[in-house]
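Trainee: I'll drop the sequence and a predicted model, then ask my questions.
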Amino acid sequence: MSIFQRITTLTKAAIHEGLNKLEDPILLTGQYLRDLEDKITGAEGKQRELKAAASVLERRIYEYKVLAERSEAEAVQYMSEGNEPAARTAVMAKIRYTESEQECTAGLKETQATLASLEVQLASVKEEQKRLKAKRAELAERARKAAEIKQAAQAYNTAAPAGYPGQVLNNGAASRGFERMEDKIAMQEAMAEQAGLAAAAHDSSMNSAVEAELERLRNRK
């Protein structure tokens, strides 16, 4: 597992651990993202160093190649002049330049491989950083809503009658709320029904009284 994968894994674990401990998730995730940003900044610095090193190695490879070719040309010239000692010296110089060129070439390949791996990991971590920033925004919104609900629940509990067990947003409190509303509506319905019955009884009584009075008048006539 690469260093960036370990960093990402630890960041995720830290976020969940912080939430599980009921600590402030917004402050925690902000700190985790800042730590991750520091790691990314460090990796980007390493990336620049590797690119600079690769550039230096490429320049040295070119220089050693030119020097080796020059030494070979000198050796040929000295041999044509019959100056074997000078030709030997030129050949030895060519071999040293060639060996240095090969060493730089191997170093360049290793540097390029390290750089390529770092760039892939860096791109992956930056993508994960974007996802974590979006996740933090989501957590911030959820925390805001939770704080509003908690505040409303606390306000409700404060206003609740003495001896009433306070609840913080659970289905029991919601059910009891619905039950209270249902009871209240049922009471209103019962009162309305009683009022209707009373009105009907009054109307019936009035009708009876009217009929009785009319009957009395008829008999009197």
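Mentor: Received the coordinates, thanks.

Trainee: make it CA atoms for all contacts and neighbour counts henceforth
Mentor: Noted.

Trainee: Tell me how many other residues crowd Gln121.
Mentor: Using other C-alpha atoms under 10 Å, Gln121 is surrounded by 17 other residues.

Trainee: Mind giving me the packing neighbours of the helix or strand encompassing it?
Mentor: In the assignment (DSSP states H and E), Gln121 maps to helix 84-159. Helix 84-159 sits against helix 3-20, helix 25-81, with contacts defined as 3 or more C-alpha pairs under 8 Å, 6 or more residues apart in numbering; DSSP states H and E.

Trainee: Dump these into JSON lines; add mean neighbour count, mean pLDDT and distance to Leu122 as well.
Mentor: What follows is the helices and strands packed on helix 84-159, written out as JSON lines (neighbours: other C-alpha atoms under 10 Å; pLDDT from 0 to 100; distance: least, C-alpha to C-alpha, whole Å):
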{"stretch": "helix 3-20", "mean neighbour count": "15", "mean pLDDT": "58", "distance to Leu122": "7"}
{"stretch": "helix 25-81", "mean neighbour count": "16", "mean pLDDT": "90", "distance to Leu122": "7"}
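
Trainee: Any chance of those helices in CSV with distance to Ala106 as columns?
Mentor: Below are those laid out as CSV (distance: least, C-alpha to C-alpha, whole Å):
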stretch, distance to Ala106
helix 3-20, 25
helix 25-81, 10
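
Trainee: Select, out of those, the one closest to Thr105.
Mentor: Proximity to Thr105 (C-alpha to C-alpha) singles out helix 25-81 among the helices and strands packed on helix 84-159, at 6.6 Å.

Trainee: Which neighbouring elements make contact with the closest one?
Mentor: helix 3-20, helix 84-159.

Trainee: do that again at 6 Å, thanks
Mentor: helix 84-159 (3 or more C-alpha pairs under 6 Å, 6 or more residues apart in numbering; DSSP states H and E).

Trainee: Compute the inter-axis angle for the helix it packs on and helix 25-81.
Mentor: 170 degrees (axes from the mean of the first three to the mean of the last three C-alpha atoms, to 10 degrees).

Trainee: ok, back up a step: for the helices and strands packed on helix 84-159, which one sits closest to Arg88?
Mentor: Taking the helices and strands packed on helix 84-159 one by one with C-alpha to C-alpha, helix 25-81 is closest: 7.0 Å.

Trainee: Can you give me the domain boundaries for this protein?
Mentor: Listed by automatic domain parsing, the domain ranges of the chain are 3-159, 175-221.

Trainee: follow-up on the earlier one: determine which of the helices and strands packed on helix 84-159 approaches Gln112 most closely.
Mentor: Taking the helices and strands packed on helix 84-159 one by one with C-alpha to C-alpha, helix 25-81 is closest: 6.9 Å.

Trainee: what about Gly107, how many residues close to it?
Mentor: The burial count for Gly107: 16, using other C-alpha under 10 Å.

Trainee: if I pick it, what's in contact with it?
Mentor: By C-alpha atoms under 6 Å, 6 or more residues apart in numbering, the contact set of Gly107 is empty.
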